[in-house]
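J.: sequence first, predicted coordinates after that:
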Amino acid sequence: MPVTRTILLVEDNPEDVLLLREAFRRNGFQFPLLVVSNGEQAVSYLKGEGDYSDRTQFPVPSLILLDLKMPGMDGFQVLQWIRSHPEWRCLPVIVLTTSFYGPDVERAYELGANSFLTKPVEFDQYVASVRNIGEFWLSKNIMPEPGPFIPAPSRISKSTDSETQDQHRTAPEKDSKHGNRDKHCENGGNPAGGKKLHSPWP
Amino acid sequence: MQQDPDTFSEGRPQTSHSREKDRPTLLVFHVNDSTDDQVLFQTACKTAKVPFVWHVTDSAEKAISYLKTLLKMNREHPAAWPDLVVLDLHMPGGSGFEVLEFIRSTPQLRRLPVVIFTGHPDPAYVKRAYELGANSFLLKPIEFQNTVNLVASLYTTMSFMQRPTLR
């Protein structure tokens, strides 16, 4: 499990921040967990502006854990901002909230959330749900290179079995250091050039 | 709903649910042209004892056709809607990206969870998948036991996440 993936928690309640840190500790996670306490700070962090301009201190996150109900810019607005900016569109976002209200769930997915987790009341269950974030989303799930991204996708072609095997064997485990990101962005992830991509999200 | 027996198959006998009473059965729509992969995933599910029920089709065109049929039959057969779509990328006659684009551009389907499941870890494909709105991108393991672990983890993930209502 790579330990260099930075997680950005957007959460205005200090008690919930402590709970998540404790759940991380109980699961033995060593992922750097950075916290901002409202939507405006989340956007500033992603832009790398103001207090967040030093990327050695505030690295580009590989994953965002997003509370919904916050004063000012709320979680929905943050999600909408992320999905409407091509350079951040790929960034995985997991909504982490006390809400299980149906319209909140629908709206979050409509805006492009990768997952929606309602914090269980029982702490042991909460620890288990956080464990799943580490085991699935940060380990088994293949993450995109940490942003910002250059959107330039294109068609794919059917490759041979031998090509598949070679790619599989040599698949590198990406870390979140900027070197990899920059190298990836040089070619824009575009194997054949061409087709303009439109956001699937509103 | 009726299914074309040449196109779709169910992967798990209904009786298995009785052994997993406390875990809900989740319907997975699996789009993959490889029969080996179809069997592999279903065998891995049985080994992991995860109650996924698989509906399988082998091309992007058939997948889109199936989803269009679901849209037409929406009100009459809500139980036929998948909880999750698992997409292979490389298939003859159309890629998994086309299915993903169709899902995300169709208002009634756009919230449907979609996982890419492929042997191609090319960063360009990963990026394109997320740009098009994939929820997750999974690499097909080489070892069977890793496939077992992966489907178990995928089921746990689906169990924890709130799933959208499709309409």
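T.: Perfect, I can see it now.
J.: how much space between the residue sitting nearest the centre point of chain A and A:S115?
T.: Chain A has A:L63 as the residue nearest its centroid, 2.4 Å off, counting by CA atoms, centre = their mean. Plainly put, A:L63 is 10 Å away from A:S115 if you go by CB to CB, to the nearest Å. For the C-beta atoms, the positions are set from N, CA and C on the backbone; glycine is no exception.
J.: between the two, which contacts overlap?
T.: Residues touching both A:L63 and A:S115 (CB atoms under 8 Å, 6 or more residues apart in numbering or on different chains) are A:I94, A:W137.
J.: okay, now the unreliable bits of the chain?
T.: Since you didn't name a chain, this refers to chain A. For chain A, applying pLDDT under 70 flags the ranges A:1-3, A:147, A:149-198.
J.: let's do chain B instead
T.: Applying pLDDT under 70 to chain B picks out residues B:1-21, B:74-79, B:167.
J.: so where do the helices sit in it?
T.: B:35-48, B:60-72, B:96-104, B:123-131, B:144-160 (DSSP state H).
J.: verify the stated contact: the residue nearest to the centre of chain A with A:W137.
T.: Yes: judged on CB atoms under 8 Å, A:L63 makes contact with A:W137 at a distance of 6.3 Å.
J.: can you get me a residue count around A:G134?
T.: If you count neighbours by other CB atoms under 10 Å in any protein chain shown, A:G134 ends up with 20.
J.: before we move on, the earlier item: shared neighbours, A:L63 and A:W137?
T.: Contacts common to A:L63 and A:W137, judged by CB under 8 Å, 6+ apart, are A:P92, A:I94.
J.: show me where chain A has helices.
T.: A:14-27, A:39-47, A:75-83, A:102-110, A:123-132, A:161-170, A:178-187.
J.: which among the ones you listed is found nearest to B:N146?
T.: helix A:161-170 (11.8 Å; CB to CB).
J.: what's the local residue count around B:L26?
T.: Neighbours around B:L26, by other CB under 10 Å: 18.
J.: er, A:N141 I mean
T.: Neighbour count for A:N141, taken as other CB under 10 Å: 23.
J.: hang on, isn't it packed against B:F137?
T.: Yes: counting by CB under 8 Å, B:F137 is a contact partner of A:N141 at 6.5 Å.
J.: and the gap between the residue nearest to the centre of chain A and B:K72?
T.: 38 Å.
J.: ok, now B:D88?
T.: B:D88 sits 25 Å away from B:K72, going by CB to CB.
J.: next, the buried residues of stretch B:102-121.
T.: Using 16 or more other CB atoms under 10 Å in any protein chain shown as the test for burial, stretch B:102-121 gives B:102-104, B:109-121.
J.: check those against chain A, which are close?
T.: B:R104, B:R110, B:R111, B:G119, B:H120, B:P121 (CB under 8 Å from any CB of the partner chain).
J.: can you tell me the closest non-neighbouring residue to B:A152?
T.: B:A48 (4.1 Å; CB to CB, 6 or more residues apart in numbering or on different chains).
J.: for that neighbour, give me its contacts.
T.: B:V148, B:N149, B:V151, B:A152, B:Y155.
J.: also B:A63?
T.: Shown in contact with B:A63 (CB under 8 Å, 6+ apart): B:F29, B:V31, B:T57, B:L87, B:V99.
J.: which ones among those are found in strands?
T.: Judged by DSSP state E, these include B:F29, B:V31, B:T57, B:L87 as members of strands.
J.: number of nearby residues for the second one?
T.: By the other CB under 10 Å criterion, the neighbourhood of B:V31 contains 27 residues.
J.: my guess is it contacts B:S65, does it?
T.: No: contact between B:V31 and B:S65 fails when scored by CB under 8 Å: they sit 11.3 Å apart.
J.: A:G39: neighbouring residues, count only.
T.: Neighbours of A:G39 under the rule other CB under 10 Å: 23.
J.: same check, this time on the one 5 residues further on
T.: A:S44 sits with 17 neighbouring residues when counted by other CB under 10 Å.
J.: any idea how far A:D51 is from it?
T.: 7 Å.
J.: common neighbours of the two, please.
T.: With CB under 8 Å, 6+ apart, A:S44 and A:D51 have no common neighbours.
J.: OK, contacts around A:N38?
T.: The contact partners of A:N38, taken as CB under 8 Å, 6+ apart, are A:V10, A:D12, A:M70, A:P71, A:G72, A:M73.
J.: of the residues you listed, grab the buried ones for PyMOL.
T.: Only the buried entries of those go into this PyMOL selection, using 16+ other CB under 10 Å:
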select buried, chain A and resi 10+12+70+73
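J.: as JSON lines, the contacts of A:N38 with distance to chain B would be great.
T.: What follows is the contacts of A:N38, written out as JSON lines (distance: CB to the nearest CB, whole Å):
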{"residue": "A:V10", "distance to chain B": "18"}
{"residue": "A:D12", "distance to chain B": "21"}
{"residue": "A:M70", "distance to chain B": "19"}
{"residue": "A:P71", "distance to chain B": "23"}
{"residue": "A:G72", "distance to chain B": "24"}
{"residue": "A:M73", "distance to chain B": "22"}
